[in-house]
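Participant: coords please:
(chains A, B and C)
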Amino acid sequence: MTRPDLSTSPVPGAAFGTPVLEVDDLHVEFRTRSGVVNAVNGISYSLAEGETLAVLGESGSGKSVSAQAIMGILDSPPAVITGGGIYFQGEDLLKQSPEEQRKVRGPGISMIFQDALSSLNPVYSVGYQIGEMFRAHRGMSKRDAKKHAIELMDRVRIPAAASRVDDYPHQFSGGMRQRVMIAMAIALDPRVLIADEPTTALDVTVQAQVMDLLKDLQRDTGMGLVLITHDLGVVNEVADNVAVMYAGRIVERGTVDDVFGNPAHPYTDGLMSSVPQVEAKGGRLQPIVGQPPNLAAIPSGCPFHPRCSRRRLGAAAAPGRECATDVPPLRLVAPGREAACHYSEEVLGV
Amino acid sequence: MTDQQQMDLRHDEVEAGTQTGLASPSVDVTESRQNSLWSDAWGELKRNPLFWIGAVLCLLFVLMAIVPQLFARGADPRACDLANSKALPSADHWFGYDVQGCDYLANVVHGARNSLLIGVFAVVVVLVLGVVVGAVAGYFGGVTDGVLSRIADIFYALPLILGALVLLRVGPATDIPIINSRGPGAVALALALFGWMTAMRLVRSQVIAVKSSDYVAAARAMGASNGRILVRHILPNAVAPVLVYTTITIGVLIAAEATLTFLGVGLQRPAISWGLQIAMGEDSIRSAPHLVLFPSLVLTLTVMAFIMMGDALRDALDPRQRA
Amino acid sequence: MGRYVARRLLLTIPVLLGASFLIFGMVYALPGDPIRALAGDRPVSPAVVEVLRERFHLNDPLWVQYWEYLKGLFQGDLGTDFRGRPVLDTIERTLPVTVKLALVAIVFEAVIGLVAGVLAGIRRNSFFDNLVLVSTTLIVSIPILVLAFVAQLLFGLKLGWFPIAGTREGLYSYLLPGLVLASGSLAYVARLTRTSVAENLRADYVRTARAKGLPNRTVIVRHTLRNSLIPVVTFIGADIGTLLGGAIVTETVFNLPGIGREVFDSVRAQEGAVVVGIVTLMVFFFIFFNLVVDVLYAVLDPRIRYD
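Facilitator: The predicted model follows:
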């Protein structure tokens, strides 16, 4: 089993030490009756123990699909992983048997989802569903599993855990349900937790509580956290590094401070100016013009060029850097920073 | 919609054999949505072989009902010769002869008219009863709904065949017009009288679902009258599931007619009917099984044609079913 | 839950009374003389007719007749037929046959319908799935009358695997009519299961179950089938009530002396008391099993509470 050679490009977040999860040139497509949808087109990133990596993007940018690919829970068909590797503690999950992959889910990598109500089975008590982790992976008895479930519910700060363990998901509030999901996900001390929009469906105050809980749990366990979101505020608060996705590609990568302080890609720049900021009160919000790309027909060249205010077409472009024909590679644009734009230096204002 | 209503609706859809999923409209499907629903459905239907098989068979049987001579290969169903009694199928007489020595193909072909006539007439009465009672019950709710729904429950608790059987048995002795006629009208009315409840429940559920939706609240806020809301906003939403139900029900009612006639309370000789042919054939099932088989086959194909079309329609009209 | 059941039971009473009154009204109120019908072509003296009319309350207004009938009903007296045999005896004689037939049908319906539906739902669009789709369409389209004859002809006469009619061979005699009676519901159960399983397989909580690293069997059995079968089990439950009442054709064709054939014979003979008695019983079964199903729903799906 070989690791991808990432030594040639200084990986953002390398400061965190041993990578626990590495994604290398991952490609996923959906083969449907009406054509092929290219959902993920060659993304790479690595995540270290204790690191929080935010994957930022609009819906349809491929962020959730790539997470499900890592978990090995894509619906296949129609989804097919057409290339790349997913390395967990150095082992390529894509080369493992389904049974080996299954054993990684839970103790190795686990995942929480956006809508906790629909993601929990309505006909089983929350205690049963948390306890299942211990029963399936550790062969624990029903009674012991329930005891552990109560402990976990305590740990994610669900009040009166012992008396609520037999309640059903619909009897909990939205925030409490998400805590149940988290309890289930951290039950077996996973090394990586993927959180797919964990707070999107929640009230603002509850969002903060859930994010605090995730941060605390991460500090206690040292797990790596992949936070999939479109919420810039959440990213700014909790993430160490950020990868911005557009049309199934990573278009910019770096530390949160760098990327948010001075974007290197026009898309990131657009995202920043489209959210209200306390400091810039009174200014106008600038929406990104145009529509997110249709993944069945991704624009040629730079996929963002039809919406880009800095695009250079035809004679205005430098040779080999025509935005509508030449695909910009993800390249080092500043120390510890990568972006996929022909003209990142201009965006950065270097 | 409350959970209970949702469940009732699900139950009704199960009973009706139609799960159109159109039960919980959150947006107004009366205007453009409705148009795209139908054009999407047509696109879907065109690609469904079941629909085409059903449609071609239906057309065939409708044609058979209107001009049976086209299919009888020149034979007269009433020109009989006892010498041919129970003769087996041959190259000239594809379906053989019946007990009286009449050409069986001609007889079976001429049976289509009564079956289709009764099926269509009964379903029209079912629809009128179902839509009117269902719309009134669902729209006004309260005591009106309570009483009408209980009445539907009462009829619902009686098996269709049994209710129609009793009514048709005592019918001829009464002075109620049509019911005492022993003709196709009596059979159709009896079937409709004991078969309208599912249509009623379907329409009622749709009306309740739509009534509580935001766009009807908006229409009401803008001063639309009860009648206008019912006709313009609510009933169009019920069209899709009712259409599916109707198509399937024609098939079910045709089968029920044959059953009642077979049991001796439906059409009476000398009427020509598949039910009568099966009943007659039963007596000689050992010596001449073709007398039961041919009318059975044609009856089955007719019922199948309608059920297939209804199935295809449901799949086409149910957005959830699409991949 | 207790209050809900009590309320539902109360609601059943008007339906039960309404349905039996409907049949009662049809049988007794419509003009036509059951005594004459019973006598047929034989001459009967007017005195005898009058005695009989008095005995069966035929001279009273309809509601009085029905009231008399109800009074008897609450004392466990369903009246007698025109030959003086208690209707209750007739029911006791015929009901076991119908119950056996319904049980055989339910077993066929549940076992074959569920297995076919689950397999088709799991392997959506496979050859087996298409087979189930096509065969259920066929079965649903065949009128039970036709199916009964074809089964009788093929398995009884030609192949000789099953008795053609009657109950002489015990439970074995019930297999063929049971399968025929079950066919429609069987196809429906298969389809309902298929749709439900396929729908549940796409549910978010099944994705969660996979993300939890549960073994495939657990994902399918506990997180897909357990949820999918709620509507199916309740349909089968309600169908028991229907099967107990709706077997006129099957019992007639296969010559099984159950309540279906009995009620048919009684309708033909205008034996009002027997018809009303049996129909009331059928309606009771129907309503009772529907109530059972509603309660079952709450047991199977914790989201549903009736209080």
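
Participant: C:Tyr205: neighbouring residues, count only.
Facilitator: 22 (other CB atoms under 10 Å in any protein chain shown). Bear in mind the C-beta positions are built from the backbone N, C-alpha and C, glycine included.

Participant: could you list every residue that touches residue 77?
Facilitator: Unless you meant another one, I'm taking chain A. Taking CB atoms under 8 Å, 6 or more residues apart in numbering or on different chains, we find A:Pro77 in contact with A:Arg31.

Participant: let's do chain C instead
Facilitator: C:86, C:88.

Participant: tell me the phi and psi of it?
Facilitator: Phi and psi for C:Asp77, reported as degrees, to the nearest 10, are phi -110, psi 110.

Participant: Could you do A:Ala243 as well?
Facilitator: The phi/psi pair for A:Ala243 (degrees, to the nearest 10) is phi -120, psi 120.

Participant: Checking the nearest residue to A:Val65 once chain neighbours are set aside next. Helix, strand or coil?
Facilitator: Nearest residue to A:Val65 in three dimensions, chain neighbours excluded: A:Ala39, at 4.4 Å (CB to CB, 6 or more residues apart in numbering or on different chains). Secondary structure assignment for A:Ala39 (DSSP: H, G, I helix; E, B strand; the rest coil): strand.

Participant: From the centroid of chain B, which residue is nearest?
Facilitator: B:Ile250 (2.0 Å; CA atoms, centre = their mean).

Participant: OK, contacts around that one?
Facilitator: B:119-120, B:123, B:306.

Participant: quick one: contacts for the residue nearest to A:Val65?
Facilitator: A:28-30, A:62, A:65, A:79, A:248, A:295.

Participant: now do B:Gln277
Facilitator: B:98, B:107-108, B:111, B:291, B:294-295.

Participant: Write the ChimeraX selection for whichever of these are buried.
Facilitator: With 16 or more other CB atoms under 10 Å in any protein chain shown as the burial test, the buried ones among the contacts of B:Gln277 are selected in ChimeraX as follows:
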select /B:98,107,108,111,291,294,295
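
Participant: I'd like the contacts of B:Gln277 laid out as a markdown table, including pLDDT, secondary structure and distance to chain C.
Facilitator: Shown next, in a markdown table, are the contacts of B:Gln277 (pLDDT from 0 to 100; DSSP: H, G, I helix; E, B strand; the rest coil; distance: CB to the nearest CB, whole Å):
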| residue | pLDDT | secondary structure | distance to chain C |
| --- | --- | --- | --- |
| B:Asp98 | 79 | coil | 16 |
| B:Asn107 | 83 | helix | 17 |
| B:Val108 | 84 | helix | 13 |
| B:Gly111 | 86 | helix | 14 |
| B:Leu291 | 84 | helix | 11 |
| B:Phe294 | 88 | helix | 11 |
| B:Pro295 | 90 | helix | 9 |
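
Participant: Using CSV, lay out the contacts of B:Gln277 together with distance to B:Val62.
Facilitator: Shown next, in CSV, are these (distance: CB to CB, whole Å):
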residue, distance to B:Val62
B:Asp98, 25
B:Asn107, 19
B:Val108, 16
B:Gly111, 14
B:Leu291, 25
B:Phe294, 20
B:Pro295, 18
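
Participant: Which two among the contacts of B:Gln277 are spaced furthest apart?
Facilitator: Greatest spatial distance in those: B:Gly111 and B:Leu291, 12.8 Å, computed using CB to CB.
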